[in-house]
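[1] Got a predicted structure plus its sequence, pasted below:
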Amino acid sequence: MNSFDSIRKRIGRRSLLQGLGAAAIGITFTGALAGCEKKEGAKSSTGEEAKLNFYNWDTYIGETTLDDFKDTSGIEVNMSLFATNDELFAKLRAGNPGFDVIVPSNDFVERMVQADMLMPLDHAKIPNFKNIGADFKDVAYDPGRKFSMPYTWLTLGIGYRKSKVDGVPDSWKWLFDSDKYKGRIAVLSEAGDMFRLSAKYLGHSVNGITPELVQKIEAMLIKQKPNIKAFHEDNGQDLLLSGEVDLVLEYNGDIAQIMAEDDDIDFVLPKEGSQLNSDTLCIPKGAPHPQNAHAFINYLLDAEAGKKISEYILYPTPNDAAKALMPDDYKNNPVIFPPAEALAKCEYAAYDGKMQPIFEEAFTRVRAA
């Protein structure tokens, strides 16, 4: 394993650009988005110029995927990076600056559909949709997959150091409502996730949270704050691996990665249930190469291409055909792919434009307490 591989295995798909800071935003691969010279007369099999502009999270594509796609299609992909869904939304909200394929998370698919920012997909041009698992083919945030194709999925749970806890910490109680592990826990710094998961702990859905429930959660978290060592920005796996904390709220894929480095680490989905996330492939309105975009999305859903992506990014894949090609220590890993009975208690969070500012205001008070 080279040094970059070692770093990659310990970094979440949201964290690297946050760590690099604003200077990293707008990094492009295979040429700059605005600076690539058009090759006169170069056309792809779709009839469009042989180019595609891809806006993606960092470390979130296979090592050779873009080159492999160029080899098979003749289409050159220019990949630019964003660090957060908010950044992605802001970049597109004033008008598409030239992107053909983007990777929003599920709640932002809803938000962008509501804002009329996404093109409907032509499923006839994405025959590899057949490779997608049944659970991901028709979802509440995009019924019938009219605007999005599934790329990865994730769930939030508790990563923990086995030698430092009593048994399996299988409840959100240990993060949100107990001093048992005082000073040894880290939670997320994202307001919406914290309030939705707290609602789950208190017996509610992650959706339909009321202002009254927000007040109750706020009081609970203010009481809990002295027990919390850190509010992390999706680098909780690093805090756990380094021994700075013993329990952390983090994505299953991130904890699975560090479990390969330290056999004292494990992951659990709390018994109350959790929140599911999915990152998706969409075509924004105004895409200059919509036919190439369909061809690229179809390629990413190919079994072999999907296998290469999963091997590199190490996140759960919704692509059954790609998963079947993966080694057993990936596809049979209960951390990457939790058992059905555990997932049955998990939900996707719907976008709620009215409640998000309320979450953020309340969480500001929690962190200032």
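    Now that the structure is in, tell me what you want to look at.

[2] Might you report the residue contacts of the residue nearest the centre of the chain?
    The C-alpha lying nearest the average C-alpha coordinate of the chain belongs to residue 279 (Cα atoms, centre = their mean; 5.0 Å). Residue 279 is in contact with 13, 57, 60, 103-106, 151-154, counting by Cβ atoms under 8 Å, 6 or more residues apart in numbering. Any C-beta I mention is one placed from the backbone N, CA and C, and that applies to glycine too.

[3] and if you look at residue 280?
    Residue 280 makes contact with 103-106, 109, 142, 148-151, according to Cβ under 8 Å, 6+ apart.

[4] Can you flag which of those belong to strands?
    Here DSSP state E is the test, and those give 149-151 as lying in strands.

[5] List buried members of those residues by neighbour count.
    Buried residues within those, defined by neighbour count using 16 or more other Cβ atoms under 10 Å: 149-151.

[6] which residues of the stretch 151-300 of the chain score low on pLDDT?
    234 (pLDDT under 70).

[7] Residue 347: how many residues sit nearby?
    Around residue 347 there are 18 other residues, counting by other Cβ atoms under 10 Å.

[8] Distance check, it against residue 205.
    As for residue 347, its distance to residue 205 is 6 Å (criterion: Cβ to Cβ, to the nearest Å).

[9] One more: residue 99?
    According to Cβ to Cβ, residue 99 stands 34 Å off from residue 205.

[10] Among these two, which residue is more densely surrounded?
    Taking neighbours as other Cβ under 10 Å, residue 99 and residue 205 compare with residue 99 leading, 26 against 13.

[11] helix/strand/coil for the more buried one?
    Under DSSP: H, G, I helix; E, B strand; the rest coil, residue 99 falls in the coil class.

[12] what are the phi and psi angles of it?
    phi -90, psi 140 (degrees, to the nearest 10).

[13] hang on, it packs against residue 281?
    No. Residue 99 is not in contact with residue 281 according to Cβ atoms under 8 Å; the separation is 12.0 Å.

[14] just to revisit the earlier point, ok, which pair from the contacts of residue 279 is furthest apart?
    60 and 106 (15.3 Å; Cβ to Cβ).

[15] Looking at the two, which has the bigger crowd around it?
    Neighbours were counted for residue 60 and for residue 106 using other Cβ under 10 Å; residue 106 has more, 24 against 19.

[16] Go ahead and confirm that one touches residue 277.
    Yes. Shown here, residue 106 and residue 277 form a contact pair, counting by Cβ under 8 Å, at 6.3 Å.

[17] hmm, back to that, closest one of the ones in strands among the contacts of residue 280 to residue 295?
    residue 149 (12.6 Å).

[18] Which pLDDT value goes with the closest one?
    Predicted confidence (pLDDT) at residue 149: the value is 98.

[19] residue contacts, it?
    121, 126, 129, 132, 280-282, 297, 300-301.

[20] Sort out which one of the residues you listed lies nearest residue 216 for me.
    In terms of Cβ to Cβ, no member of the contacts of residue 149 lies closer to residue 216 than residue 280, at 32.6 Å.

[21] Run a quick neighbour tally on the nearest residue to the closest one once chain neighbours are set aside.
    Residue nearest to residue 280 in three dimensions, not counting chain neighbours: residue 148, with 3.8 Å by Cβ to Cβ, 6 or more residues apart in numbering. Residue 148 has 28 neighbouring residues, counting by other Cβ under 10 Å.

[22] Could you check how far residue 148 is from residue 159?
    As judged by Cβ to Cβ, residue 148 and residue 159 stand 28 Å apart.
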